[in-house]
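*Asks:* return atomic coordinates for the entry below.
(2 chains)
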Amino acid sequence: MQTILLVEDNEMNRDMLSRRLKRKGYEVLLAVDGQQGIDMCLQSPPALMLLDMSLPVKDGWQVAREMKATPALQHIPIIALTAHAMADDRQRALLAGCDDYDTKPVDLPRLLGKIAHLLGAVE
Amino acid sequence: MSNRDRIFKAYLDDQRQSLQAPLASVQAFTESLLEQAAISQSPELKADVKKIAKAAVTMTEMLASISGFSQDSQTELSRLRHDLRNAIGLVDGYGDMLLEDCDDEVAGDYIRQIRHQSRLFQGRLEQFSLGDDGKVASDPIAAIFKSFKRGIIRDDLEHMAASILVVDDNDSSRDLLAHQLQRQNYMVIEAASGARCLEIMRSAEPDLVLLDLVMPDMNGYEVLQVIRADEALRRIPVVVVSGMQDEEGAVRCIDAGASDYLLKPVNGTLLRARIGASLEAKRWRDREREYLAELEKSQRFIRKIFGRYLSDEIVQRLLDDNDGLQLGGELRQVTILMADIRGFSALSQQLAPEQCVQLLNNYFAAMTEVIQRFRGTVDEFVGDGILVIFGAPLSDNDDCDRALACAVAMQLAVETVNERNRADDLPEITIGIGLNTGDVVAGNIGSELRSKYGVVGHNVNLTGRIESCTVGGQILAAPATIAASSVQVLAGRRISVSLKGMGDAVMLTEVLGVGMPYDLLLNSAPEEWQSYKENISLTLSVMAGKRSGAKQFNVEVCAHAGENLRVVSAEVLPVLVDVSIEGFDVACYAKITEQLSDGEYVLTLTSANTQLRSLLQMNSSRGR
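*Replies:* Below you'll find the predicted structure:
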C-alpha cells in the first residue's frame, strides 16, 4: 500500500480528502502545516506529497522549494493543490519544484490520475 | 451615493443573491436528507451530511463580504473565491462519499441534487466579476441581464422558456420557490424587497412576477398599486404568493391587478399550472398589443396617404368607419371641380423637367391648401389638372356652395403661385376651372392591391369638357351647379356651348364671385379695347385634340385688351375652340372665346411667345 502525505491546514478538507484517498486504496498521513510536513517526510518518506499551497506559517511554495533542496527528500513527488486559479499558479508551482499541480475544488478522478501517473513514474 | 455606485451596489446585491440561491438549496436538501431513515439511522452518514450543511452555511456567510466590495476589490474577490473553492470541495467530496456509502434511492436523489447545486454555485462563482473596464457601471442593464442569465440551471437546455422574478423578503422561502422554478427550467431572478422588485421589473422586464404579500418597507399590495399605475409594468403578470389564508386577501389582490393568487406552502403542481396560465395570457396580450401597434401604424399610413387628398376631418371619419375603406361604390350627388393650367403643354415644352416639376409643386401645394380649406376631396392630379369632389366620401348640404367658393379662392390663389414662380424664376401661370353637379359612382376603385377612392361617371367627363371651355382666370359652371347652389353667385357672361354627350346646347355661367359667408370676388376689371393702327394678320389652325393642322383660318386682329384679341374673320369661326397660331418658332396657342357679332370674335391667348407679343405690341407681362 502506497503512502500519501496530505499537507492541509483546513480540518474538514483534510478529513474529506484523506477519507476519499483511503477509499481508493492509499495509506494517508496527515500534516497540518508545512513544517510538520517536512518533518514527517524526514522521519518516514511518503510515496507522494499532496501539498496545499495556502498554508499558514510556511506556505506551500516554501515547502516545495525546501523539499527539492533537500537531497533526502527531492525524490518525493509533490502535487500542488490550490484554490487559486491564476494562470501563473501552475507555472509558479512547477518552478518551486512541484511535480504536478491541481486546482480546488478537487476533481477526484483527475487527481487520482495524476497521483497514479507520478507514482508509476517513480517505480 | 452616485448613480454609478448605486448601480454597482445593485449589481453586487444581485450577484450575491444569485450565489446564495444554490447554497440555500444545498441547505434545504441536507435538511431533507437528515430526515431520511437511511441517513438518520447511520451516525457516520449523518455526520457527513452535517458537514455538507456546515460548509453551505459557511459559504453563505462568506458571501456577505460581497456587499462591501468596490470595483477595486479584486484582491478581496480573489480571496473569497479561494475560500469558496475550498468549501465547494467539501460539499462535492462529502457528497461523493455519501453517494458511495448510501444505497437508499431517495437519499441518493437528494445527494445528487446537492452535487448539482454545488456545480451551479461554482459556475456562478467563476463567472462573478467586478465588471472589468467598468463595463458593469457603463451598461448596468446588460450587466444585470448577464447575471440573470446565470439563473439558468440546466446546462442541457439551450434556451429558457420564460423569466420569473421571485419577490420575497424571506430568504429561505424565496430560495425554495426559486429552486422549484429552476427545476422547471424557468430563468429565475430574485428580489428581496418591493422596491427591488420594481427596479428589476423596469430594467429586466421579466415575463412574470411571483410576489410575496407580507414584506417590510413596501408590502405586496403597495407593489401591486405601483405596478398598476405604470403602463410598462402593467403588462407583466403578477401572481401573488401569500401565507395568509383568507379569501378576501385574494380578492383584494386580484382587484389590485394581480393575475392570480397562490397560498403558501406552494404546491408545485399548482404553481406550474398558474404560472403556465399567466404566461399564456401574457403571450396573447403581447400579441394583441403588437396587433394594435400594427393597426395604429396602418392608420397613420392611411392618414398620411389620404391626408394628401382629404381633409383631416374626412380621414378621421373614414378611420372611424370600419367599412370606410372597403372596395365598392355608391351613387352619389356631388359637385365636381376641375382645374388646369392653361397652355401648360406649350409651357412645359419651354421648361427643363425639374423646372416643370417645381412649377407643378408650387401650383399643387397652393391649390391643395385651398381645397382642404373648403373640405374638398382631391380625387386626382392628372398632369397639370386637378379633379376635386365635393360631397364624397362624405356629403353635406353646402357641397355645391363650397365648390363654387373653392373655385373662386383657387383663382385668387394663383397670384400667390405666381409670386413664388417669379421668385423661382419660373413663368407665370393662369388656370381655368370647370364646375358641374350631378350623380357619380363613388367608392374605392381598383383592385385589393391598388385601390383609391374615386368617382366615375358621365358627369365627371362632362366637367372635363366644361373646364376645357375656359380661358386663364375663368370659372365656368354647369346649370346644375348654379341650380343646386344656395350661396349668391356673381355671374359674368353666359356662354352657350354644345358639348359632346349633352344633347342640346348648354348655358354655362361664368362665375365671378360668391356671396356670404364666403364673400370672394375675382379681381377682374375688364380692360378697355385698344385698337391697332393697322390690323395684324394671323393664321389659326383648329386643334383636334392636341394635334394642330386640321382646318385653318386667316383672321385680322383689330384690337386687344389684356390677353384678349378682337379679330375679324371672313369665315365663320367655331366658338370655344382651341387654335394654334401659325408662323412662330415656338408654338403659340389661343382659344376663340366669344363671338361679338357677325365675323367678329374674341381670341384669348393661352400661350404666346415674345415674338408674337412684340408683333401684337403687348407687354410681356401676362397680368390680367
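*Asks:* tell me what the lengthiest helix in chain A is packed against?
*Replies:* If you go by DSSP state H, chain A has its longest helix at helix A:108-122. On a contact count with 3 or more Cβ pairs under 8 Å, 6 or more residues apart in numbering or on different chains; DSSP states H and E, helix A:108-122 meets strand A:48-52, strand A:78-82, strand A:100-103. Every residue, glycine included, has its C-beta placed from N, CA and C.
*Asks:* try 10 Å
*Replies:* Packed against helix A:108-122, as judged by 3 or more Cβ pairs under 10 Å, 6 or more residues apart in numbering or on different chains; DSSP states H and E, are the following elements: helix A:11-23, strand A:48-52, strand A:78-82, strand A:100-103, helix B:74-101.
*Asks:* from these, which stretch is densest packed?
*Replies:* Highest mean neighbour count among the helices and strands packed on helix A:108-122 (mean count of other Cβ atoms under 10 Å in any protein chain shown): strand A:48-52, with a mean of 27.
*Asks:* partner strands of that one, parallel or antiparallel?
*Replies:* strand A:3-7 (parallel), strand A:78-82 (parallel) (DSSP bridges).
*Asks:* sorry, back to before: next, the buried residues of the longest helix of chain A.
*Replies:* Buried positions in helix A:108-122, judged by neighbour count with 16 or more other Cβ atoms under 10 Å in any protein chain shown: A:L108, A:L111, A:L112, A:K114, A:I115, A:L118.
*Asks:* now for the fifth one: which residues touch it?
*Replies:* So that's A:I115. Counting by Cβ atoms under 10 Å, 6 or more residues apart in numbering or on different chains, A:I115 touches A:Q2, A:I4, A:L21, A:K24, A:Y26, A:A47, A:L48, A:L50, A:P77, A:I79, A:D100, A:D102.
*Asks:* which pLDDT value goes with it?
*Replies:* Looking at A:I115, its pLDDT stands at 95.
*Asks:* I'd like to know how far it sits from B:E380.
*Replies:* To B:E380, A:I115 is 92 Å away according to Cβ to Cβ, to the nearest Å.
*Asks:* ok, the closest residue to B:C406 other than its chain neighbours to chain A distance?
*Replies:* With Cβ to Cβ, 6 or more residues apart in numbering or on different chains as the criterion, B:C406 has its nearest non-adjacent residue at 3.8 Å, and that residue is B:F374. As defined by Cβ to the nearest Cβ, to the nearest Å, B:F374 lies at a distance of 81 Å from chain A.
*Asks:* pretty sure B:F374 contacts B:C400?
*Replies:* No. At 11.4 Å, B:F374 and B:C400 do not qualify as touching, with contact defined as Cβ atoms under 10 Å.
*Asks:* report the secondary structure state of B:V209.
*Replies:* Assigned by DSSP: H, G, I helix; E, B strand; the rest coil, the conformation of B:V209 is strand.
*Asks:* how about the residues of chain A near chain B?
*Replies:* Proximity of chain A to chain B, by Cβ under 10 Å from any Cβ of the partner chain, involves residues A:8, A:10, A:12-13, A:15-17, A:19-20, A:23, A:52-54, A:81-86, A:103-109.
*Asks:* let's go with 7 Å and repeat that
*Replies:* Selection of chain A residues close to chain B by Cβ under 7 Å from any Cβ of the partner chain yields A:10, A:12-13, A:16-17, A:19-20, A:54, A:83-84, A:104-106, A:108.
*Asks:* among these, which has the minimum pLDDT value?
*Replies:* Ranked by pLDDT, those bottom out at A:H84 (78).
*Asks:* would you confirm that it contacts B:H82?
*Replies:* Yes. Taking contacts as Cβ atoms under 7 Å, A:H84 lies within contact range of B:H82: 5.6 Å.
*Asks:* avg pLDDT for stretch B:114-122?
*Replies:* Across stretch B:114-122, pLDDT averages out at 89.
*Asks:* again with stretch A:93-103
*Replies:* Across stretch A:93-103, the per-residue pLDDT values average to 89.
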